[in-house]
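>>> Pasting the sequence and the predicted model now:
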Amino acid sequence: MINQLTGRSAWIKHLGYSVFQFLATMVLFCYLITFLPDSQLLDKSQTELFTEYLVILLTLDFGYSTLYGDPIWEILLDAGIKTLFLILTSIAFIILFTVPLSMFTAYNNDHILSRFLNKALFIISSVPILVVAIIIIALSVSLLGIVPELNLFYDGSNFQKVAVLTLPLFAIIIGDGILFSIFETLQDKIKKIKSEPWVKGIKARGGNINKHLVRGITESMIVSVTGKISFLISGIIVVELVFNWQGLGFILLDIFDQSSQRDYALLIAVMAFILLFVQTSGFIRRFTIMKMNPEKKYSSAV
Amino acid sequence: MSTKIEIKDLNVGFHSDGQTKQVLHQVSLIVPENKKIGIIGESGSGKTQTVLSILGLISGEPGVISGKIKYRDNFILDTSANSKKQWKRIYGEKTQLLRGHEISIIFQDAKASLIPYRTIEEQAIETWKDLNGNQSRLEIIENARSLLEEMNLSDPERVLRSYPNQLSGGESQRAYIMLALLGSPSLLIADEPTSSLDRENADNLLNIIKKLCSDKKISLLLISHDLRDVIEHTDQIYVLFDGHVLEQFSPKNRTPTHPYTKFLMSMVDGELIKELKADPDSDNSVTNLVQNGNMNEKYACPYYKFCSLSRTLSTKEQQKCKNEKPSLEMFSDNNKSACWHDK
Amino acid sequence: MKKRNLNAKTVGRGLFHKTGTLALGVTILTTLIILNIFSHLNGENLIKQGPRGLPPQIALFQILLYTPEVSQYLIETDEWASGWGDSEIRSPLDSDDILLLKNTPLITQQIGKTYSFRPEIGLQDYNEFTLNEAPEGMSVQDGEITWIPDENQVGENNIALRLSDSDGLEYEAVYSVIVTEEFFPLGTNRRGQSLSGLIVAGSKWTIVPGLIAASIAIFIGGFMGAVSAYHKDQLDSVLSYIADTTESVPALIIVFLIAAATQFNVYYIMIGVGIVLLPSVQNIIRSNTLQFVENQFVESSSEIGFKDRIILWREIIWYNCKSDLISLATYCFAFSILIEVTISYLGLGVQIPDISWGVLLAEGRSSLLREEYWMTVFPALAITASILGFIFLGAGLKQKFDPKLK
Amino acid sequence: MLKVTDLKKAFKNKDGTKVEILKKLNIEIKKGEILGIIGESGCGKTTFLRTVLRLEEADSGSVLYNGVDLMKISKNEIRNKIRRNLRYVYQHPEASLNPGVTVGKSLLNTCKLFHTNELEKKVADSLELVGLPFEYKSSFPHELSGGEKRRAVLARALITEPQMIFADEPFSGLDKILQARLIQSFLRIQKQRELTYILVSHDQSIINNISDRIFRLQNGILQQIKS
């Protein structure tokens, strides 16, 4: 349905699609959090709460956080950077890992290594991210002798600094099968390109198909990674809590753990930040599909 | 008259679930200079492998087993000359040089063989870069436009600027042929260009190809599974069946004698269908559609299982069909057919 | 005839041996069900109480997961104080410069079972070692200690081995053995509860919650996907937009929200998990059905005379999408275990008096620092095994029911 | 047996202009004959077949089959009474065979719609009629070759003992030997079951020789070429 919107004003339509989806989700979220039991708010009715939260959302003046005391924008910035660090580095790591690997397995498919790789990744990807994170911590305690938590980063040695930064990334990437699913999509994409009749035509005239392969891989990489962002963020929230990494996930849990005087303004702010990130990646995804397949502008089919 | 391409006793095979299946058996073929040669063969007859062997694109093990291929007057493949490693290397290098420059090929479905996300103009430039030609962009586009005009295309400008899915069937065919002829090859191979077209469109596509080839002195190798394509548009026809060349004849001065080719002719001019219409259960038709011998046994003559002629012969003659392999070399003149009894 | 003898087709994107995966999946599923029933029957007395932080009593696990402390001393006699009081000075020896016991002894034993240990002495030339201090009933025959603890020896019993090397120096290696009434195969946690009992009790969160999540995701998601693809009208774009929107919110946040709103009731949370999984089921079934709708299959079936209802639900869904639905259902079960464990670990799911593998992981986390790994390793293994079990089950069943792979 | 009187059908393409595919078609099909319709691809021959069988609604016109005007009666009536007599063999066999179920089961399901007794026997007979060995009953469509798939589709059409078979490009895209065998089976079945064929194709070499009467469909009108 989406990539039918092609043509000059297409990207405006895509933008509209994302903005509307963002607003709709946020409004729904504001409505849903009025259901959270809170001993302090018994006097206010749900509609009052809902309008209160909507005002906070639309005017964006979150004020001070009742949970941590500092201004919400500062908390958002500080925690946001930490979470963004995890998101962006894990994406970089995924790209570095899956692109060469899928190129290898797609080219020599029946090689024992590629069969082994597919099997190993299939099994590892079904281990939940929580278990992977805890195993990594157990190993780092017993082998490296350090407990990889964020505060160690500030006063630890260089080696400890590196460990604190990289170990959570391993958990994010291996856990919950993100690596395997992106590896699988890339592999299929390469095989699909190589079997296209026009690729045979290029080979038959002695041309090289690598630039088409690279183009296909970049498109498929961008589309599959941006499509998996909300899945990735779920994993990152778990990793933040297991590695005591004070990012947005950490704050979310603190708020949901409270049973009274919840910091609703901070909750809305954090949720808005996360959804904004998800929607931008969704927009990038639709935009890449449109940009990479210009012929779709004039195609009758979807 | 010098020959463009000559294939001598080519054998090609593939590994498929365990055993090696030979796909081409002693295939020989000559494409003389500036002539139009046709290969007729149904699915699984090995016609595509013959084309791929000329281009050196046979992949998989063991691929080319033995045989010689000569281009103009030097061998690009000669398995008897030196060790396997050596002739494979020479074969690879030589075909690499020929591909695109000297020999270019058009495949079955024009629209699917064009790069979907590039305009025809961009594809022309990319083709030219691949052939590391030295012309400038403008010259290439000019060259492309003139080729399109030669194929009486009404609005070449629009075609050049549009994407493949914006073109009609005819336009995408002409664009595809233009790309193939952009490198001014000396041999054009057309691998079943008409298989998804109805009779009328097929004829005018082949006319375009024929006209261009004769204007530009390009020899043509036309491969099709429909006899009508090759009968009307080529000078010499090779009939391929199950990897063997069963007959070689020129359509103008001689009617084919091999039972398989006669069967194909009877299907084209409808004579067999009339017979079937008259009496569906008749078994004296050109091909009695029942099987000779049993299904999975290998006989010397590849066509024995379906051959209606052998059914009318005495058992002694049938023995010959079963055990001795008929070959083309039995005849001197140009029209040969691999059958003991069809003379 | 056409039937090729299909060799053992691998499964799960063609990776694993067909029947092997199904067998593995089925065995894991049956063990989970048996554990479930077992824990419902025994109820409270399933979890035996024992000493706190006891390492696993199965020898192999103990050696793998626990290194006992063996303190070593050099014994010198103090000339001054000869005659009264303890004349020995015991100065501790660091295990780096000298290692009295090369092999590690087992440090747990159940009453009534024979405890035997043959120490490999680290010194080059030593004479017989003697038991300086040992619980009653322990004896040494030609280098092997044997002992059968009885009820009143329950608890810690110190053992001291006295050695002297060729030039007369005397050493002592001291370690303690904990005697228990019950057998704790996997050891106990910080509160002394038997880990094996806890894991069996925790297994009740693997089947039932999954049922709720799977039924919501499969039935509602499948229905919406099929109907919207088959009728391909306004409904289709609305439903796909809704699915796309639900998928844009990270799943865990929805689960947090519902957990907090329903005071951590796992069964309500599983409804949330069902809602989270619903869009992916809907999209998969929608794309499968679209394939049929787009290539004239629907029209040719209605030409034969089937009604619309039959074409969609029997010809397309039942005959062709059954294998996808089954493998999706097993994935829902695996995902529900994953979510239950995660939220229980974070304290938003199962609360303390109740037992869940996630809670065990959370408790085990702090004991990692004290190198008590077994409190984390066994729950982690149980979680991974059950999730893998469901995924293999799904892959095996998909192979069995998928007509194209026959 | 089947009389089509001034059938009209027009399409609205993207920019709203109306394209008349069928302009006042008139044709009468007699019992037991083979009627061939030739037309280039895209001339509307498939639309003609589908509107006659009301798989697609025509704009106007009437189709009389044994006195009943198919255009007027309800869809259910068509499904229950008419469909079994007027069968349509699609151009692409892989689209009409259910890939998820064995050939035998598809035949059985189709047979169950209109008959209640000796279902197994009917399935066996129709398989044997189209020349497929009996064991194919338990094989899946993806295990069959192109020619065998067409025979399976034909078997499914014949199982409800129809009187007329509408076939869209039944023989195109096959090797000549398979094509000849399929034509022979078509003709044998027509003799055994006294069927009426309406064959539509762009391949004149087959249609000219196989049909009793031939029509050409060009820019919306049917002209008779050979009677």
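The structure has been received and is ready for your questions. Residues are numbered from 1 along each chain as shown, chains lettered A, B, ... in the order given.

>>> distance between the helix or strand harbouring C:Met270 and the chain's centre?
Assigned by DSSP states H and E, C:Met270 belongs to helix C:266-294. From the chain centre to the centre of helix C:266-294 is a distance of 28 Å (CA atoms, centre = their mean, to the nearest Å).

>>> Isn't B:Asp235 up against B:Lys35?
Yes. With contact defined as CB atoms under 8 Å, B:Asp235 and B:Lys35 form a contacting pair (5.2 Å). (Each C-beta comes from the backbone N, C-alpha and C, glycine too.)

>>> Count the residues that sit near residue 144.
Going with chain A. 13 (other CB atoms under 10 Å in any protein chain shown).

>>> that's the wrong chain, I meant chain D
Neighbours around D:Leu144, by other CB under 10 Å: 20.

>>> From what I see, it and D:Lys137 are in contact.
No. In this structure, D:Leu144 is not within contact of D:Lys137 by CB under 8 Å, at 11.8 Å.

>>> Overlap of the contact sets of these two?
D:Val103 (CB atoms under 8 Å, 6 or more residues apart in numbering or on different chains).

>>> Tell me which residue is most central in chain B.
B:Ile223 (2.8 Å; CA atoms, centre = their mean).

>>> Now name the helix or strand holding that residue.
strand B:219-224.

>>> Report the mean confidence score over that strand.
Averaging pLDDT along strand B:219-224 yields 91.

>>> Can I get it in PDB, CA atoms only?
What follows is strand B:219-224 as a C-alpha-only set of coordinates in PDB (Å, rounded to 0.1, in the frame of the first residue of the first chain):
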ATOM      1  CA  SER B 219      25.900 -13.200 -38.900                       C
ATOM      2  CA  LEU B 220      22.900 -14.500 -36.900                       C
ATOM      3  CA  LEU B 221      22.400 -17.600 -34.800                       C
ATOM      4  CA  LEU B 222      18.700 -18.000 -34.200                       C
ATOM      5  CA  ILE B 223      17.500 -20.500 -31.600                       C
ATOM      6  CA  SER B 224      13.900 -21.300 -31.300                       C
END
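
>>> Return the residues of chain B in contact with chain C.
Residues of chain B found near chain C (CB under 8 Å from any CB of the partner chain): none.

>>> Output the set of residues of chain B in proximity to chain A.
Counting by CB under 8 Å from any CB, chain B sits next to chain A at B:55, B:57, B:96, B:99-101, B:104-105, B:107-109, B:112-117, B:126-127, B:130-131, B:162-166, B:180, B:183.

>>> so what's A:Leu152 up against?
A:Leu152 neighbours (CB under 8 Å, 6+ apart): A:Ile146, A:Gln160, A:Val164.

>>> Actually, A:Trp73.
Per CB under 8 Å, 6+ apart, neighbours of A:Trp73: A:Phe62, A:Ala269.

>>> Buried residues, the strand or helix carrying it. List them.
If you go by DSSP H and E, A:Trp73 is part of helix A:72-107. Neighbour-count burial for helix A:72-107 flags A:72-73, A:75-76, A:79-80, A:82-83, A:86-87, A:89-91, A:93-95, A:98-99, A:101-102, A:105-106 (criterion: 16 or more other CB atoms under 10 Å in any protein chain shown).

>>> Let me know whether the following helix or strand past it sits next to chain C.
Using DSSP H and E, the helix or strand that follows helix A:72-107 towards the C-terminus is helix A:112-124. Yes. Helix A:112-124 comes into contact with chain C (CB under 8 Å from any CB), by way of A:Arg115, A:Asn118, A:Lys119, A:Phe122, A:Ile123.

>>> what does stretch A:128-135 contact?
A:168, A:170-172, A:174-176, A:235, A:238-239, A:242-243, C:337-338, C:341-342, C:345, C:358, C:361, C:364-365, C:368, C:376, C:380, C:383-384, C:387.

>>> any idea of the mean pLDDT in that stretch?
Rounded mean pLDDT across stretch A:128-135 is 89.

>>> Render the CA-only coordinates of that stretch in CSV, please.
Provided in CSV are the C-alpha atoms of stretch A:128-135 (Å, rounded to 0.1, in the frame of the first residue of the first chain):
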residue,chain,number,x,y,z
PRO,A,128,16.6,-14.8,24.4
ILE,A,129,18.5,-11.6,24.8
LEU,A,130,18.2,-11.7,28.6
VAL,A,131,19.9,-15.0,28.8
VAL,A,132,22.7,-13.9,26.3
ALA,A,133,23.2,-10.8,28.4
ILE,A,134,23.5,-12.7,31.7
ILE,A,135,25.8,-15.3,30.1
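
>>> And the pLDDT at the residue lying closest to A:Lys44 once chain neighbours are set aside?
Closest residue in space to A:Lys44, ignoring its immediate chain neighbours: A:Glu52 at 7.7 Å, by CB to CB, 6 or more residues apart in numbering or on different chains. On pLDDT, A:Glu52 comes in at 86.

>>> got the buried residues for the helix or strand bottoming out on mean pLDDT in chain A?
Sorting the helices and strands of chain A by mean pLDDT, DSSP states H and E puts helix A:150-155 at the bottom, at a mean of 76. In terms of neighbour count (16+ other CB under 10 Å), helix A:150-155 has its buried residues at A:Leu150, A:Leu152.

>>> next one: the next helix or strand after it to chain centre, how far?
Moving toward the C-terminus from helix A:150-155, the next helix or strand (DSSP H and E) is helix A:158-174. Relative to its chain's centre, helix A:158-174 lies at 17 Å (CA atoms, centre = their mean).

>>> tell me the mean pLDDT for helix A:158-174?
Rounded mean pLDDT across helix A:158-174 is 84.

>>> quick one: whichever helix or strand comes after it near chain B?
Using DSSP H and E, the next helix or strand after helix A:158-174 towards the C-terminus is helix A:178-194. No. Figure legend: helix A:178-194 not in contact with chain B (CB under 8 Å from any CB); closest approach 11.0 Å.

>>> need the residues of chain D near chain B, please.
Counting by CB under 8 Å from any CB, chain D sits next to chain B at D:40-41, D:175-177, D:179-181, D:183-184, D:187-188, D:190-191, D:202-206, D:208-210.

>>> Filter these down to the buried ones.
D:40, D:175-177, D:179-181, D:183-184, D:187-188, D:190, D:202-206, D:208-210.

>>> Would you check how far apart the closest residue to A:Arg205 other than its chain neighbours and chain D are?
Among residues not flanking A:Arg205 along the chain, B:Gly100 sits closest, at 3.5 Å (CB to CB, 6+ apart). Distance, B:Gly100 to chain D, using CB to the nearest CB, to the nearest Å: 31 Å.

>>> What part of chain B, helix or strand, is modelled with the least confidence?
Per mean pLDDT, DSSP H and E, bottom of the list for chain B is helix B:308-311, a mean of 76.

>>> so which strand or helix has the residue nearest to A:Lys44?
helix A:46-59.

>>> List the buried residues in that helix.
Buried residues in helix A:46-59 (16+ other CB under 10 Å): A:Leu49, A:Phe50, A:Glu52, A:Tyr53, A:Ile56, A:Leu57.

>>> Quickly name whichever of those is closest to D:Arg84.
Checking the buried residues of helix A:46-59 against D:Arg84 by CB to CB gives A:Phe50 as the nearest, at 60.3 Å.

>>> residues contacting the closest one?
Here A:Phe50 is in contact with A:Cys30, A:Tyr31, A:Thr34 (CB under 8 Å, 6+ apart).
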